[in-house]
Structure formats: structure tokens, C-alpha cells
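**Student:** What would the 3D arrangement of this be:
(chains A and B)
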Amino acid sequence: MRWVRKISLRFHSLLHKDAVERDLDEELRFHIERQSAENIAAGMAPAEARRAAQIEFGGTESFKEDCREARKVNHIQEFSRDIRFGLRMLRKNPGFTAVAVLTLALGIGACTAIFSAVNPILFEPLPYPHADRILMIWDRSDGGARGSVTFGTYRELVKRAANFDSIAVMKSWQPTSSGARTPQRLNGQNVSSTYFRVLGVSPALGRDFQASDDIPNGPKVAILSNGLWKRQFGSDPTVIGRQITLTEDASFLRGNDDTYLVIGVMPAGFEDVLAPTAEIWSPLQYDWAVSTSESREWGHHLHMVGRLRSNSTLNQGRQELDLIANMQVPAYPRPPWASLKLGFIVDSLQDDVTRGVKPALLSILGAVMLVLLIACVNVTNLLLARGSQRRGEFAVRTALGAERPRLIRQLLTESLLLAAFGGVLGIAVAVIAVRALVALAPAGLPRASAIGLDGWVLAFTIGLTALIGVLAGVIPAVHASRNSPHSGLQEGSRRTAGGHQWTRGILVVAEIALALILLVGAGLLLRSLARLFSVAPGFDASDLLTMQVQESGHGYIKDSVRWRFFAEAQDAVHRIPGVTAAAFTSILPLTSDREEYGAQFEKDKPGSGQDVFLYGVTPGYFELMGIPLQRGRFLDAHDTTGSPVAVVINASFAKRMFANGDPIGQRLKLGPQKGWDTIVGVVGDVRQESLAADVPDAVYINTTQWEWGDTVLSLVVRGHADVALLAPAIKQAIWSVDKDQPIVRVSTMSELLAASAAERHFVFVLFEAFGIVALTLAAIGIYGVLSGSVTERLREIGVRMALGATPTRILALILRQGMTLTAIGAVLGLMGAALASQALITLLFGITPLDPVTYFGVIALMLIVSAIACWVPAWRAARVDPAITLRAE
Amino acid sequence: MSKPTDLVQGTLDLLILKTMAAEPMHGWAIAQRIRNVSKNILQVNQGALYPALHRLEQQGWITAVWGESENNRRAKYYSLTKDGKKYLQREEKNWDRLSKAIGVVLRTV
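**Tutor:** Numbers count the residues shown, from 1 in each chain, chains lettered A, B, ... in the order given. Reported below is the predicted structural model:
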């Protein structure tokens, strides 16, 4: 309580200065009048009484000053004097001020922007109550990768795991809302009824899912996101209880009932980090009886999250799940592909969603810190240079009685002022930079919607600014105040290179070293990108246009009708002038599309098997994509309903399974299939997830021979020249077959190629920008130091020339001074880079963090730039006329 | 301006706090009371009282309100805060210990 009183009193004294002064006057006046009254009562004459009272009291003004001092008002007034003086000094040197403020603004702005992106993703807890208790649970698959779980496993964990409050499973769901004028595809999730309970968020309107919603053939209910509710229903609260029409993407799984009852709307701030674009949720409605192992309940296609009980820890949760995995009980039989023999991978939800981007974000954060450090060093250097110009001023002030702490405080006030201006401008820079960052950010960035300047970020910036003000100011302040007034006054005009030249040299070395570290990072990323784009995708990516076509509606429940639609659409597209070929595939290379099934070979014992990527394609797909045939034949139009099922496998799968034999004619079974498929061909490998990812084992099958096929297929079109221009004509052609089918994700294959390297590209762009800023600052730094040194050594240079030194030797002298600093900085920087580049290791591709080409290239760049920066002052020194400099003294 | 030494300052603070412990008082009355009670031995420099009062107020030991004086004038009355009362008790004990110790030293050495 006492400190509250103290602070409010301090503020009162400061804000109501006049009132406080009046009170003080009145208080003292009362005392003197009271004393005079006393004196009069004792028999003095009024005038005499007053005088005596005044004398007894003492010097009013000096006591008043003591009272003010007691109220600590003076310090604040002194501080505001310092600020006024500092502002005047900064205004007097607009050039210096502008350079310093801009440098700091760039550094602070970049740092703030990056922090505002990194903070919500890595440091802030997820926007759920007790978010640290939410765990992501994966099957550990062969090779230790994270695998999707089965509903059977979910059922077993729900019954057996005691450390969890609730567990939920979900899968993505993309229904088409066909009520509107043009069909619209929504992103959503099918979830178990516990989903929102695990996240700890309840609908703002209506009710949450309950167990009775989540049963096979249960009620068709849906919960909407706030955004969808606003957009489609104009925030109408009566939407609860209303029927909406949605068409399933897998209508054959659910029958043809497609009206949904809206039961809830999520709150406005709700963020589904597991599916950032999800706008609608409906119950999964899987069968808890988990009857046969062929059913979808045993397919690895669900994601699982769990919420720990309040008294359980992450490790307890992990141990319990591993125990359950190891100890199978008869009540919960497991098929071989869900035997859980490798256990689970369990992480907090936050770690799980940020796992992929953490190294990239941390290295960006590190890089921007380096930039800020360089900016700081540069401003320190500027302040030092100015300090040496102001030596006379400080000497005079010291001689007039200013004490050293007082001088240091004055100088720190000036550097804090610079930092404050830099900070304010930096926030403006950050506002722009954040916008650019969000635009640049790779699509997979989690929590991208939370990026922005908020209170935390501003607090960070203010703290950073204060820190910089002190850091950049302290060395120059101590330096400037150290000189004795005697030498300062005496030196007057004659200048010699003193100790501060040393300090400035060290700072320049630091700058060069830091810049080199950044440049090596940028260089390594550039080389990685070049390597990455030289990877062959396994098909001809030029002149390809892709788009996702979905067929939906009652007419397509029967497979034959569905395939007729796709076949007719393919024909219609093919007829467009400029199109040379068109085909459909269920999963498109270089996208996040994935459809995995267990493959079981006839030659192996039952129960063994492995996951493969399954491509459902239409005839002509291989020829269109330019995927080479290595053995056997391609799939063609004769492999269709009714004929024996034919599949084609990719080269790496063939090599792994049939190292010495011929795969042609071998038979295998995929996922839920009952009969055997015959391998008729082997084709070249295709990069699926990205250029950097390994080639997965792949099996191709004609869509007409795959009865579990999705109703969403990607259309691939090859055309002449600019294929992007064909998009409207292609859409028209498809709609001429059926006008109700949504078409989404239109993009050229080269765009997909670029997007698959988007994360590396993002990091590279930032490193490149930071590297250029760092290089520029380092060049300015070395130029500043050298030209300062030349100015101070003019006399010496003059003497040297008078004694016979040629201009070339003077040039060499100054160049040597600059290049020595560069060389020392480069050596230190190389050591730093060798260490720091280890942090980039997950972002590199095809090169080591010690890639010699990068290091030599960066050193060469650094030497060239600093040679240019050194050349200008050296050239000036070489043109010194000894007669003029010597006479000037 | 020479400032009083710590001992003198601390003593003055103690006297002021003790004096106003019973009831709120204005500056003149405090000075008067100290003089009377100490039988004119302790003469507080009247002007020096005020910086001390302001400092004690700033430190949160006392608080001030404007009120009406015995001769119907506006006067600033000081009284102890809760923290001030505790502080006074602590300081009184310290003073007792100190003066006893000094007494012992003076008698034995």
C-alpha cells in the first residue's frame, strides 16, 4: 500500500506543480502568522512580532527548495532539461540524427515484425484454456514417422487411458454447400463428439456435440464457425435449429441424406489450430462396435488429440499410452496393421503444430537479432565519432563544474532519445513489414491468423528500444566523459588518433563478423534452393494446368454415373483448342494431397504389408505427365469395371520389393480390397510431397477399378504456351457437362513447384534482405572509421608526404588499415558462421552447413564491398597536399 | 546548503513522528510541542521542520490533510499512516537500544 501512496504522491507533485507550490506557500505562511500571533500574545508590537517570527523560521526560499527536493520533483525537472538539451543537439546535427534514427528504425522494425510472427507461433500458449494439457497422439509408423491413427485404436484408448480427461479424433471434411447460387466448397472436419471438449472451447450459440450425435447413422448435425455464420447467415441467431443443405464428398459412405441441422456456432475468437481453415464441423459417426477389420474403423486416417487430467503430466500420459500399446487385452483385438507394436508419438499440441516451422522461425529470429546488433554497433560507432567531435564541448562543461555522472546521464539521454525516435519509426516499419511477412509466409505456417502487432509485441519493442538506447550509448558516454578537460581544451584543433579509434576498430570488426554470419546463412539457403530446383520432379512440369474438380449431388451416387461425368468432362476439356491432353488423378504431385493404403503382396505371408501412396488415375495420365515407362505397359481404357484389376507401381517400390525379380504379373491387395490386383507396369518415380521429400512407394490404379475412390479428382491439362489462360475455357467445358460441380485450386504446375519450396524460399528471402542490410551497415561502418581516421591523421599524412611518401604508398597505408579490420572480422565471422549455420541444417538441401562454395563466395563479396568502402577515404588521403595540411596548423 | 547528518535527521524524524502519534497536528504545533515537552532543551529549527515533514509524507509514513486551525485558519494537518505507526514502533525500539548502548559505553569506558 505504501508504494501506491508514494507513487500517486509523486505524480500529484509532478502534475499539479502549481497547486503543490501554492500549498507549500500557504503552509509556511500559516506557520509564520501563527508564530506572530503567539508573539503578539506575549506582548510584542505587530510589526516586531512578525519580524521575530520570520527570523525564528529562517530562510523561507531555501526551505522551500528543500521541500521540493524532498518531493523528488527536481530529478524530474533535471531529466526534462536533459531531454530538451538532447533534442537541441540532435536537431543541430540533422544528418547524423537521420542516419542513426533510420538505422535503428530498420533494426527495431525488422525485429518487431519478426517477433510479432514468432511470438504467437512459438512462445504464446495456444488460445485454449490450459493449452499445455492438450496432447497430439500419433501412431509410430515404420521408420519412426508420425502416422494417422485408426478408430479402433481411439476406441481402445478412450476406454483404457486413465490420465486423459477426454480424447478426440478427427479427419478433414469438405462438403459442398449447394444452397447458394454457385456451389461452394467448405473446409471442415468430421470430429468425435469430444473434440471441442478436448480443446476446452464451447459454442457461443447453441450446443456442443454430444455422445448421442456421434453414432453410425446418427442425426445429421453441424456446428458453424463464426466466420461462416456471419458470411452465409448474416449473424442471424435463429440459425440454430435451421436445416442447411450440404453435399458430402463421400456420399456413398453416408447415404444420400444431405440436410444438416445447425446446432451451434463457435465463438468469434475461436481458432482451430488443427485445421486452420475449418469452418464447419459435424460428428464422425463411426461404429463403436468396430466389427470387422475391413471396415473404415480400422483405416489409418484419423488424427487424435487428448486432454490430460489436471493432475497428470505429459510424461505420465506418454508412459500410460506406451503401456497400453505394449499390453494388448482380449477385449480390444487389433488387426496386424494397427498392432501398436511401435507405440505412440506424443507431444503437446503446440510442439506438434509448430514442429515443422520451429527451426525456420528460430533461425529467422536469430538472423534479425544479428541485424539489430549490427544496427546497434553502427549507431554506437556514429556516437563515438560524434563524441570525438564534441570533445571541446565536454571539456568546457567539465571545466565549468559538470560532474562525470551528470555528463554520462546527458549522453545516455541523447542515445535514449535516438532509440526512442528509432523505436517509433520502427513500429511504423514493423506495421508494413508484418503485412509483407504475412503475404510472403508459406501456406503451411500455423497460426498465421494470430500474427500482428499486439500488446506483447509493443511491450517487446519498448523494452528493446530502451535496451538499445543504453547499449548504444554507454560506451560513447563513458568514452566522452573520460577525457580530462585539460587535454580536451588543449587539443582543440590538433587531433591524434586516440583510444576511441581502437574502440571503433573493434566495433567495425564485430560488424563485419556479424554481417558475414548472416551472408553465409543467406548463401547456404540460396545454394540449397538452387539444388532443390535442380531436382527432377519425375515428370514434365512445364505447360501444365491443374485444378480440383468435385462431383457431387444425388445423381452421382452410383459409381457408373460418377465415372461417366469424369470421362465426359475429360473429353470436353480435350476438345478445347490449345489443349493437347487432359486426365484426372486422385492425388496431385507436389501438393499435400495424400491417400495411403496398406499394400499386401500375394507372395508375402498374410498380415504383412506396408503403406503406399495410391493414385487413382484416368487413362492417359502417364503419357500426359511425361512419366516414363520402365517395364510392362501403362494403364489404359481397357482396365475398367468388369475386367481384371491392373495396377502400375513406381520404380523405387519395384526395386525395394523385387530387387532381383520381375514385378510384372505379381499380385497385391490394397487396403479394403477383397480380390487381387495384377502389376502390369513399372513407371518412373515422381516427387509427391515436395522436391525435398523422399519418393514414396506408389501404386497407380484406374479410377474405374477402385471402388473406394474419392469424388474429388484433380484435373491435369497440358497445353501449348500459356496454359493459365486456358482456365476459363476449361471451367466452361466442365460446367457444360454439369453446371453444379465446384472447381477449386486452379494453378499451374510451376506454381505448385514454387509452393512446394515455399518455406525455404521464405527463409531465404528474409536472410537475403537481412544480409544486404548487414553488408550495407558494415560497409558504412568501415567507411566511417576510415574517413574519421584519415581526417585525424591529415597532419601525419602531410608530414609523410613532405618526407617523400608517394600517393600510392599513402593509398596502400589507408587501404591496409581498412583491410586489416576486414580480415580480422572475416576470420571471426567465419568461425561464427561455421557454428551458427548448424542451426540452419534442417533447411539446407543437398549441401553441408560448411559448403565451401558458399564460404568462398561470401568472403569474396565481403572483401570487394569493404575494398570499395576503404577506397574512398584512402583516395582522399592520397590526394592530400602536404603544403596545405601543414600550413593549416 | 548543508544537510543534517544522518543521526540528526533520523532523530528529528523520530521526534516528529512521536509528537504527532496522539493526534493530527500542523507544523507549528509540532515544533511548539517538541520545545515544550523537552522543556526548551530541544529547539527545533522551525524552517527545517518542513522539509522533514515533506520527506516523511513522500516516504508514506505520514499523510496530510487541510483543516481548520485553533484560530480558525486553514492549516495543513499531518497524521501517522498505518505504516508510519509500525515504523515509529520500530524506530523507538532502535532508539532505546542505541541510547542504552551509548549509556553503557559512557559509564564503563
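**Student:** Where does pLDDT dip in the stretch 651-800 of chain A?
**Tutor:** For the stretch 651-800 of chain A, applying pLDDT under 70 flags the ranges A:709-711, A:740.
**Student:** contacting residues around the residue of the stretch 151-300 of chain A found nearest chain B?
**Tutor:** Nearest residue of the stretch 151-300 of chain A to chain B (C-beta to the nearest C-beta) works out as residue A:269 at 42.0 Å. C-beta here means a position set from N, CA and C on the backbone, and glycine is covered the same way. Counting by C-beta atoms under 8 Å, 6 or more residues apart in numbering or on different chains, residue A:269 makes contact with residue A:127.
**Student:** Contact distance from chain A - what residues of chain B qualify?
**Tutor:** Proximity of chain B to chain A (C-beta under 8 Å from any C-beta of the partner chain) is limited to residues B:1, B:26-28, B:45-48, B:50-52, B:54-55, B:57-60, B:63, B:66, B:69, B:71, B:73-76, B:81-83.
**Student:** Filter the residues you listed down to just the buried residues.
**Tutor:** Among the residues of chain B next to chain A, those classed as buried by 16 or more other C-beta atoms under 10 Å in any protein chain shown are B:26-28, B:46-48, B:50-52, B:54-55, B:57-60, B:63, B:69, B:75-76, B:81, B:83.
**Student:** Could I get the full set of strands for chain B?
**Tutor:** Secondary structure of chain B by DSSP state E: the strands cover B:25-26, B:62-68, B:74-80.
**Student:** Start and end of stretch A:278-296, how far apart?
**Tutor:** End-to-end span of stretch A:278-296 (C-alpha to C-alpha, to the nearest Å): 23 Å.
**Student:** Average pLDDT for it, rounded please.
**Tutor:** Throughout stretch A:278-296, pLDDT has a mean value of 83.
**Student:** Ok, stretch A:563-582 next?
**Tutor:** Averaged across stretch A:563-582, pLDDT comes to 90.
**Student:** Can you give the distance of that stretch from its chain's centre?
**Tutor:** Here the centre of stretch A:563-582 is set off from its chain's centre by 41 Å, with C-alpha atoms, centre = their mean, to the nearest Å.
**Student:** Please name the nearest non-neighbouring residue to residue A:666.
**Tutor:** Once flanking residues are discounted, residue A:666 sits nearest to residue A:679: 5.0 Å by C-beta to C-beta, 6 or more residues apart in numbering or on different chains.
**Student:** tell me the phi and psi of the residue in the stretch 201-350 of chain A that chain B sits nearest to?
**Tutor:** Nearest residue of the stretch 201-350 of chain A to chain B (C-beta to the nearest C-beta) works out as residue A:310 at 39.5 Å. Backbone geometry at residue A:310, expressed as degrees, to the nearest 10, gives phi -60, psi -30.
**Student:** What residues does it make contact with?
**Tutor:** When contacts are counted by C-beta under 8 Å, 6+ apart, residue A:310 touches A:130, A:133, A:165.
**Student:** Just give me the residue closest to the centre of chain B.
**Tutor:** residue B:16 (1.2 Å; C-alpha atoms, centre = their mean).
**Student:** Residue A:35: what's it in contact with?
**Tutor:** Applying C-beta under 8 Å, 6+ apart to residue A:35 gives the contacts A:52, A:53, A:56, A:57, B:28, B:46.
**Student:** Could you check how far the fifth one is from residue B:50?
**Tutor:** Per C-beta to C-beta, to the nearest Å, residue B:28 is found 10 Å from residue B:50.
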